[in-house]
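*Asks:* need a 3D model of the following:
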Amino acid sequence: MGDTNTNLLVIDVGNTNTVLGVFKDTRLLAQWRLTTNRAQTADEYGILIRNLFAHEGIQAENISAIMIASVVPPLNTLLEDMAQKYFHIKVLFLGPGVRTGMAINYDNPQDVGADRIANGVAAFEKYGGPCVIVDFGTAITFDAVSERGEYLGGVIAPGIGVASEALFQRAARLPISSPSSRRAVSSGGSPGTSRLPAGRPALPRTLLTSLIPAAVIATAWLRLENPINQPLRSVAVAGLAVLPALVRPVGARVVAVLLSAGTAASIAYGVSPLHPRHVPGAIWSRFSGGFLDFYDVRTPFDPRVHAEMRSVLLTAVFGFALAVALAVDELRGTDHVIATKIDMRACTMNGSSTSSGTGCVGTLMDCW
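*Replies:* Coordinates of the predicted model:
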């Protein structure tokens, strides 16, 4: 590449991989991915990095600054010695005391890893706030940044590789060398982990997505009536079935289902909840009678003559619409995850499962 004005080397030291990048101003000239090796010496790192520079035509003498984000403390002193010996530069480590422009709203800011700070800075710089950053690596981290650019904290979960290794270690009868076992673990691990960053759809989307099939169900069942009588009752029952899908948590949802079912029953069977002792018997009598009528009465039927059949029809509308609404709500959505992976080259979104810390390297220069 041969650029004579290269001025910044950034190094992201993750638990699995170490990623290096060379910047000229805001332009990334080259990047490399190495295996993080705690047994390597400062000389080995220095020679390796200078060889990588030579391969890309980058002059080591033109490096004017080095910044490192590390989550492997034992390597910090080693890399500091390497920078001093091979580049004659004092390293700046991203961590507590470094002014990144992002307030860390944590009980102890020193507990936040450098990779998570850099990911937060990069996401806010690229997308603004509020945002959530998900980094798939040795560990899977979830970090939240406020609208004002404040780091709010997050969640750490085991990475795909770590979880799989733990499974093989703790499951005595799981043969690690068996291809079928590996395929099974791979099939279970990746899809299971892929649901971690996914959240439930937002309520407006759940409502809209549920109301459409509910309306279709309500109007489709009306085809069994001739003439169609009081169609709004069918629509109202379908609407009641959608409401429990908008309620969380599970306990409140169960109560919502019972209330919706009771209201729908009063509409369908003409019973009053003010007389609860008589409601179950009245509903069962009319439901069983109407259900049996479907074997004897031709469809479409006249709802004015066979009112009990219409009660059964409304029960079916409620049941199907409720099932669809709950199924829609169980779908996991990712619309609220603004940044799933901060890419080194342009801080763009990347959904691939890569090693920890790839994203924070590109932003280290912003902290310099």
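
*Asks:* where does the chain have its least confident helix or strand?
*Replies:* Every helix and strand of the chain was ranked by mean pLDDT, DSSP states H and E. The lowest is helix 364-367, at a mean of 38.

*Asks:* for the stretch 251-368 of the chain, which spans come out with low pLDDT?
*Replies:* Residues of the stretch 251-368 of the chain meeting the criterion pLDDT under 70: 273-278, 331-368.

*Asks:* all helices for it, in order.
*Replies:* Using DSSP state H, counting those that start in this stretch, the helices assigned to the stretch 251-368 of the chain run over residues 279-296, 307-330, 364-367.

*Asks:* which one of those helices lies nearest to Ala122?
*Replies:* helix 364-367 (7.7 Å; Cβ to Cβ). No exception for glycine: its C-beta is placed from N, CA and C like everyone else's.

*Asks:* picking that back up, which one of the helices of the stretch 251-368 of the chain lies closest to Pro244?
*Replies:* Closest among those, using Cβ to Cβ: helix 307-330, at 6.8 Å.

*Asks:* residues near Ile47, how many?
*Replies:* 13 (other Cβ atoms under 10 Å).

*Asks:* what packs against the helix or strand hosting it?
*Replies:* For Ile47, the host element (DSSP states H and E) is helix 42-56. Helix 42-56 sits against strand 17-24, strand 27-35, helix 76-86, with contacts defined as 3 or more Cβ pairs under 8 Å, 6 or more residues apart in numbering; DSSP states H and E.

*Asks:* what does that helix rub up against?
*Replies:* Residues from elsewhere that reach helix 42-56, judged by Cβ atoms under 8 Å, 6 or more residues apart in numbering: 1, 9, 20, 22, 29-30, 32, 34, 59-60, 78-79, 81-82, 85-86.

*Asks:* turn the helices and strands packed on helix 42-56 into TSV, including mean pLDDT, mean neighbour count and distance to Glu225.
*Replies:* Below are the helices and strands packed on helix 42-56 laid out as TSV (pLDDT from 0 to 100; neighbours: other Cβ atoms under 10 Å; distance: least, Cβ to Cβ, whole Å):
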stretch	mean pLDDT	mean neighbour count	distance to Glu225
strand 17-24	90	22	66
strand 27-35	89	15	67
helix 76-86	91	18	76
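
*Asks:* figure out which of those is closest to Ala118.
*Replies:* strand 17-24 (11.5 Å).

*Asks:* can you give me the angle that closest one makes with helix 42-56?
*Replies:* 50 degrees (axes from the mean of the first three to the mean of the last three Cα atoms, to 10 degrees).

*Asks:* got the CA coordinates for strand 17-24 in PDB?
*Replies:* Backbone C-alpha positions of strand 17-24 (Å, rounded to 0.1, in the frame of the first residue of the first chain) are rendered in PDB as follows:
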ATOM      1  CA  ASN A  17      -8.600 -13.100  18.600                       C
ATOM      2  CA  THR A  18      -6.400 -10.000  18.400                       C
ATOM      3  CA  VAL A  19      -7.300  -7.600  15.600                       C
ATOM      4  CA  LEU A  20      -5.000  -4.900  14.400                       C
ATOM      5  CA  GLY A  21      -5.700  -2.000  12.100                       C
ATOM      6  CA  VAL A  22      -3.700   0.900  10.700                       C
ATOM      7  CA  PHE A  23      -5.400   4.200  10.100                       C
ATOM      8  CA  LYS A  24      -4.500   7.300   8.100                       C
END
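
*Asks:* which neighbouring elements make contact with that strand?
*Replies:* Looks like strand 17-24 contacts strand 8-13, strand 27-35, helix 42-56 (3+ Cβ pairs under 8 Å, 6+ apart).

*Asks:* dump those to a markdown table, plus distance to Thr315.
*Replies:* Output for the helices and strands packed on strand 17-24, formatted as a markdown table (distance: least, Cβ to Cβ, whole Å):
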| stretch | distance to Thr315 |
| --- | --- |
| strand 8-13 | 60 |
| strand 27-35 | 60 |
| helix 42-56 | 71 |
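
*Asks:* pull the number of nearby residues for Ile228.
*Replies:* Neighbours of Ile228 using other Cβ under 10 Å come to 13.

*Asks:* begin at 688 from here
*Replies:* Let's use 688 as the start, then, which means that last one is Ile915.
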